[in-house]
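Engineer: 3D, please:
(4 chains, ligands or ions: 2)
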Amino acid sequence: MQIEFEMSDDIITAILTGELDHHSALSIREDIDHAMQVYRAKNLILDFSSVSFADSSGIGMIMGRYKKVKEKDGCMMLCGCSVYMKRIFEMAGIFTIIEETEERGEAMRQLKERGEENER
Amino acid sequence: MQIEFEMSDDIITAILTGELDHHSALSIREDIDHAMQVYRAKNLILDFSSVSFADSSGIGMIMGRYKKVKEKDGCMMLCGCSVYMKRIFEMAGIFTIIEETEERGEAMRQLKERGEENER
Amino acid sequence: MKDNVVTVEFIAIAENERFARMVAAAFVVPFDPTVEEITEIKTAVSEAVSNSVIHAYNSSGEGTIKLEMRSTEKGTITIIVEDYGIGIDDIEAARAPMFTTSALEERSGMGFTIMESFTDKLIVESEKEKGTRVTLVKMLDISCGL
Amino acid sequence: MKDNVVTVEFIAIAENERFARMVAAAFVVPFDPTVEEITEIKTAVSEAVSNSVIHAYNSSGEGTIKLEMRSTEKGTITIIVEDYGIGIDDIEAARAPMFTTSALEERSGMGFTIMESFTDKLIVESEKEKGTRVTLVKMLDISCGL
Ligand SMILES: Nc1ncnc2c1ncn2[C@@H]1O[C@H](COP(=O)(O)OP(=O)(O)O)[C@@H](O)[C@H]1O
Ligand SMILES: Nc1ncnc2c1ncn2[C@@H]1O[C@H](COP(=O)(O)OP(=O)(O)O)[C@@H](O)[C@H]1O
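Structural biologist: Ligands and ions are numbered 1, 2, ... in the order given. Down below sits the predicted model:
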């Protein structure tokens, strides 16, 4: 599994590519936590559009990041989940606490809007 | 492995799709022999452009068809061999007795030319 | 195609989780399964094998996992994932959604729930200090014929 | 990645030739091999397994084939294909290009030649009525790092 980061204001986007399982989640979660610290980012977008496989390790990875983002009063969004990922994530009730969009651009737009609302 | 046939004059073209191994060669060779008999075709083109894997069973299948075509005084050509197939077929010296082209159209053209030469 | 049976044994390292699900996918290829069926089988196998790597052997990288796969002509696939690790105390509790003994390692406790949802039948057998055997049964839709 | 070892056992039916080479390909995935390397490994395994199906067990569909795969950190892949069939009389003769005992079944006698050409080392051991063990060694080019 590969990971790439994009920064925009205080939003970090992690673009994941490959298969997300217990093995790959081990390093992915460290990479994300490290990047959030280095860039002092508050908000996180996880882009799954290039993830070809995910099992319940993905749930653990998402919930773990969600906890860390909340600790900093940040927001988190998911995008690009395949129909299979959605089935898994839904079973764990992830979408009841973390919002999801098709496109990364839309996730970015929504997070920025929320940021502006908070500033008001 | 799938097989499709195309007829043009007395040339039959067998278009192979999938993996060519001992298992698939067993049925493929029967299909080709049967089609040649039914269509009373003399000449044969084997199109490998959609074959994703081949091992030495491919050599046996080709040589077996070559013998049958020769018995009927026909001609045979191969087309669309990948670089890996060529390596295997070359080891067996196949290209010293059976000609090969990139494109199916070119194989067809050459076979038709030969047919006309024979008629003169 | 006649009934088939295959057994695969490998060491319990996390790298082999992916190997195991690729092997399971390779095993069902002759049945020309749908993308959905392949994904469900791969996911269920991934969950079972990860559990053996993580829980049975405590992520030590030691120990063996055995995968046994059977298929019938009619497309019933049975996959058994077996380990010789610490075993499960209370199987009923373990199978409940969200139950995990490894929350600190970011496990979600959804493994068995996903296995159950992605297969037609899930059997869990276990004995403390002896090991665990998970049986996954999947009926492929081969109405289109082989 | 630490050294890995996997064993796979399956029944000697022609359908499993494809399964065997998919398993071999899955085993080397963590080394990020080139298309060329994967094709060479799949082809060599396909030859060895076909030989066991055809020659060792006379295409009876009975009998077992064992595949043992090992990898080292440095990318040396060792694949052993073992059967418990009729065995080979004269190994040297069998390894020669174009030698086959099954010309009527359209075998070309190029199996061992291809195995030799597509790997870095080929070892053939056999005992009459006991079986045959073919060892294929392939050194992957992992200079680009894992
Ligand atoms: N192979 C196993 N060996 C020992 N314990 C296991 C095994 N598989 C599952 N368990 C136990 O069952 C619990 C629930 O498993 P599961 O539903 O897959 O969730 P998770 O893996 O996220 O914890 C695990 O936390 C563990 O305590
Ligand atoms: N596993 C085996 N068991 C018994 N005989 C074998 C085995 N493998 C190879 N042989 C013998 O060696 C010969 C040469 O094998 P090979 O070079 O692979 O060509 P082919 O399979 O086309 O005959 C075979 O024809 C057969 O007699």
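Engineer: And the helices in the chain?
Structural biologist: Just going to use chain A. Assigned by DSSP state H, the helices in chain A fall at A:22-38, A:56-71, A:83-91, A:104-119.
Engineer: please go with chain C instead
Structural biologist: Under DSSP H, chain C gives helices at C:15-28, C:35-51, C:91-95, C:111-118.
Engineer: Export these as a markdown table, with columns for distance to B:G60 and mean neighbour count.
Structural biologist: For every residue, glycine as well, the C-beta is placed using N, CA and C. Formatted as a markdown table, those follow (distance: least, Cβ to Cβ, whole Å; neighbours: other Cβ atoms under 10 Å in any protein chain shown):
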| stretch | distance to B:G60 | mean neighbour count |
| --- | --- | --- |
| helix C:15-28 | 25 | 24 |
| helix C:35-51 | 32 | 24 |
| helix C:91-95 | 52 | 14 |
| helix C:111-118 | 42 | 23 |
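Engineer: wait, which of those helices is closest to D:G111?
Structural biologist: Counting by Cβ to Cβ, D:G111 lies closest to helix C:15-28 out of those; the figure is 21.9 Å.
Engineer: what's the neighbour count on the nearest residue to C:A93 once chain neighbours are set aside?
Structural biologist: Closest residue to C:A93 apart from its sequence neighbours, by Cβ to Cβ, 6 or more residues apart in numbering or on different chains: C:F99 at 5.7 Å. Look at C:F99: counted by other Cβ atoms under 10 Å in any protein chain shown, it has 18 neighbours.
Engineer: Tell me the predicted confidence for residue 104.
Structural biologist: Picked chain A for this. Here, the pLDDT recorded for A:R104 equals 96.
Engineer: meant chain C, my bad for not saying
Structural biologist: 89.
Engineer: now the one 5 residues further on
Structural biologist: What the model reports as pLDDT for C:G109 is 97.
Engineer: got the contact list for it?
Structural biologist: Neighbour list for C:G109: C:96-100, C:103 [criterion: Cβ atoms under 8 Å, 6 or more residues apart in numbering or on different chains].
Engineer: In space, what's closest to it - neighbours in sequence excluded?
Structural biologist: According to Cβ to Cβ, 6+ apart, the nearest residue to C:G109 is C:T100 (3.4 Å).
Engineer: got the contact list for that neighbour?
Structural biologist: C:107-109.
Engineer: and A:S82, how many residues sit next to it?
Structural biologist: 15.
Engineer: what's it sitting at in phi/psi?
Structural biologist: Main-chain dihedrals, A:S82, degrees, to the nearest 10: phi -70, psi 170.
Engineer: Give me the distance between the residue nearest to C:G109 and C:F112.
Structural biologist: To C:F112, C:T100 is 10 Å away according to Cβ to Cβ, to the nearest Å.
Engineer: and the longest strand along chain A, what does it pack onto?
Structural biologist: Of all the segments of type strand in chain A, defined by DSSP state E, the longest one is strand A:43-54. Strand A:43-54 sits against strand A:11-20, helix A:56-71, strand A:76-79, helix A:83-91, helix A:104-119, helix C:35-51, with contacts defined as 3 or more Cβ pairs under 8 Å, 6 or more residues apart in numbering or on different chains; DSSP states H and E.
Engineer: State the distance from the closest residue to C:I142 other than its chain neighbours to D:D3.
Structural biologist: Once flanking residues are discounted, C:I142 sits nearest to C:G75: 3.9 Å by Cβ to Cβ, 6+ apart. Per Cβ to Cβ, C:G75 is found 37 Å from D:D3.
Engineer: Look at these two and report which has more neighbours.
Structural biologist: Taking other Cβ under 10 Å, C:G75 and D:D3 do not tie; C:G75 has more neighbours (20 against 12).
Engineer: what are the phi and psi angles of that one?
Structural biologist: Here C:G75 shows phi and psi, under degrees, to the nearest 10, equal to phi 90, psi 20.
Engineer: gap between whichever residue of chain C sits closest to ligand 1 and C:V49?
Structural biologist: Closest residue of chain C to ligand 1, Cβ to the nearest ligand atom: C:G111 (2.0 Å). Computed as Cβ to Cβ, the C:G111 to C:V49 distance reads 10 Å.
Engineer: One more: C:I77?
Structural biologist: On the measure of Cβ to Cβ, C:I77 and C:V49 end up 16 Å apart.
Engineer: Please apply the same query to C:F99.
Structural biologist: Following Cβ to Cβ, the distance that separates C:F99 from C:V49 is 19 Å.
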